[in-house]
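In: Structure for this input, please:
(one chain, ligands or ions: 2)
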Amino acid sequence: MKTLCTSDVERAAAVLRSGALVAFPTETVYGLGADALDAAAVASIFAAKGRPADNPLITHVASVVEARLLADVLPEAAETLLHAFAPGPLTVIVPRGPRVPDAVTAGLDTVGLRIPAHPMAQHFLQACARPVAAPSANRSGRPSPTTAAAVLEDMDGRIACVLDGGPTDAGVESTVVDCTTDPPVLLRHGACTVEALRTVCPALRVSSSAEQQARSPGTRYRHYAPQARVVPVAHPGAAAPGAQHAYIGRHAPPAPEAFGLVAVCDTQAAYAHRLFDFFRQADRAGCCVIFAERAPAEGLGPTINDRVARAAAG
Ligand code: AMP
Ligand code: MG
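Out: Numbering: from 1, shown residues only. Ligands and ions are numbered 1, 2, ... in the order given. Below is the predicted model of the structure:
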């Protein structure tokens, strides 16, 4: 299969409506979309990614009105969070309605719903005129793609089309909040910060990693990993220099010229935006180790630390 790369939204939507897979940009990372109401199309996402069958997919819709059509009920916490953060990089887990196929939810009685803010994603969802199930558009276990070129690196020949909307903004995935319990529980750190969520939902609880693994199947697997070994460091001085060593963080290492590749990021947002792209860049440059500076535990820090820790595991 030859993968079509296009910025023609209507054309990409027609490909999706025909039952094929289309990668598309969102404000977080590129998603790998299929018609969420077509179980065969959804099954082909798992095949293209090599994704474990027990890892449910997030369903993307253009509006809260459409989200309601997929839920059995929208719990009050979901209403509050969507009112404040939709469209945006937030996924709410809610009781599943009868229209959602088992293939999407991996058999769970809940469904993850997200309303992306990216203008091209909005246009695409409207043109598809149906809910779109979409995990990140990488091969399972690899860093999430933040450009169309990164999608093709993993998926060329495996999917029908990639809709090219340029580099994504956040660079890390959506925050996942389980709204089926009181208080609601954060299951995955993401582009929407805990501090922001707590402005409207002060009772929000952050799950332990054991609880995440029990309640959110995707968090059980190794994730986000480049070929190079990822080593988290508490401060830049702890990174060992070397021609095949890469370094990314908020602060420059003592001898940056002694590294093969260095990214110093001015802000947490810039660090998050750059992280997965840097992993892929380091692989292309033949680096064998990537040192990643630990971020402070506020704002996007926990999201960055989560991605680095999972990339380093295994
Ligand atoms: P990805 O789309 O690859 O970024 O992964 C989606 C994440 O959302 C994974 O960690 C899934 O396990 C999680 N997820 C999706 N749907 C549900 C659900 N119904 N219940 C719990 N976690 C979910
Ligand atoms: Mg993913």
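
In: use CA for all of it now, contacts and neighbours both
Out: Will do.

In: what lines up beside the longest strand along the chain in the sheet?
Out: For the chain, the strand with the greatest residue count under DSSP state E is strand 242-249. Here strand 242-249 has these sheet partners by DSSP bridges: strand 259-264 (parallel), strand 289-293 (parallel).

In: Show me which residues of the protein are close to ligand 1?
Out: 55-58, 93, 105, 110-112, 135-136, 173, 215-219 (CA under 6 Å from any ligand atom).

In: Out of those, which sit inside strands?
Out: Among those, the members found in strands (DSSP E) are 58, 93, 110, 111, 112.

In: Once you drop chain neighbours, what's closest to the fourth one?
Out: Okay, so that is residue 111. In space, residue 111 comes closest to residue 96 once its chain neighbours are excluded; the distance is 5.0 Å by CA to CA, 6 or more residues apart in numbering.

In: That neighbour: neighbour count?
Out: 22 (other CA atoms under 10 Å).

In: show me what contacts the most centrally placed residue in the chain?
Out: Residue closest to the mean C-alpha point of the chain, counted by CA atoms, centre = their mean, is residue 173 at 2.8 Å. Counting by CA atoms under 8 Å, 6 or more residues apart in numbering, residue 173 touches 28, 29, 89, 136, 190, 191.

In: Widest-spaced pair of the residues you listed?
Out: Farthest-apart pair in the contacts of residue 173 is 136 and 191; separation 14.0 Å (CA to CA).

In: and whichever residue of the stretch 151-300 of the chain sits closest to ligand 1, how many neighbours?
Out: Ligand 1 sits closest to residue 218 of the stretch 151-300 of the chain, with a gap of 3.3 Å, by CA to the nearest ligand atom. Close neighbours of residue 218, defined as other CA under 10 Å, add up to 19.

In: That one contacts residue 58, correct?
Out: No - under the criterion of CA atoms under 8 Å, residue 218 is not in contact with residue 58, lying 11.0 Å apart.

In: Using TSV, lay out the contacts of residue 173 together with neighbour count.
Out: Rendered in TSV, the data for these read as follows (neighbours: other CA atoms under 10 Å):
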residue	neighbour count
28	30
29	29
89	25
136	27
190	28
191	26
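
In: C-terminal to the helix or strand of the chain with the lowest mean pLDDT, what's the next element?
Out: Here the helix or strand of the chain ranked lowest by mean pLDDT, DSSP states H and E is helix 209-215, holding a mean of 84. For helix 209-215, the succeeding helix or strand toward the C-terminus, using DSSP states H and E, is strand 229-233.

In: Mind putting the ones in strands among the residues of the chain next to ligand 1 into TSV with distance to residue 162, neighbour count and pLDDT?
Out: TSV is the format used below for those (distance: CA to CA, whole Å; neighbours: other CA atoms under 10 Å; pLDDT from 0 to 100):
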residue	distance to residue 162	neighbour count	pLDDT
58	18	25	98
93	27	26	98
110	29	21	98
111	25	27	98
112	23	26	98
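
In: what two of those are the furthest from one another?
Out: Farthest pair in these (CA to CA) is 58 and 110. Separation: 10.7 Å.

In: quick one, what contacts the residue in the stretch 51-200 of the chain positioned nearest to ligand 1?
Out: Relative to ligand 1, the nearest point of the stretch 51-200 of the chain is residue 135 (3.1 Å; CA to the nearest ligand atom). For residue 135, the contacting residues are 31, 32, 33, 57, 58, by CA under 8 Å, 6+ apart.
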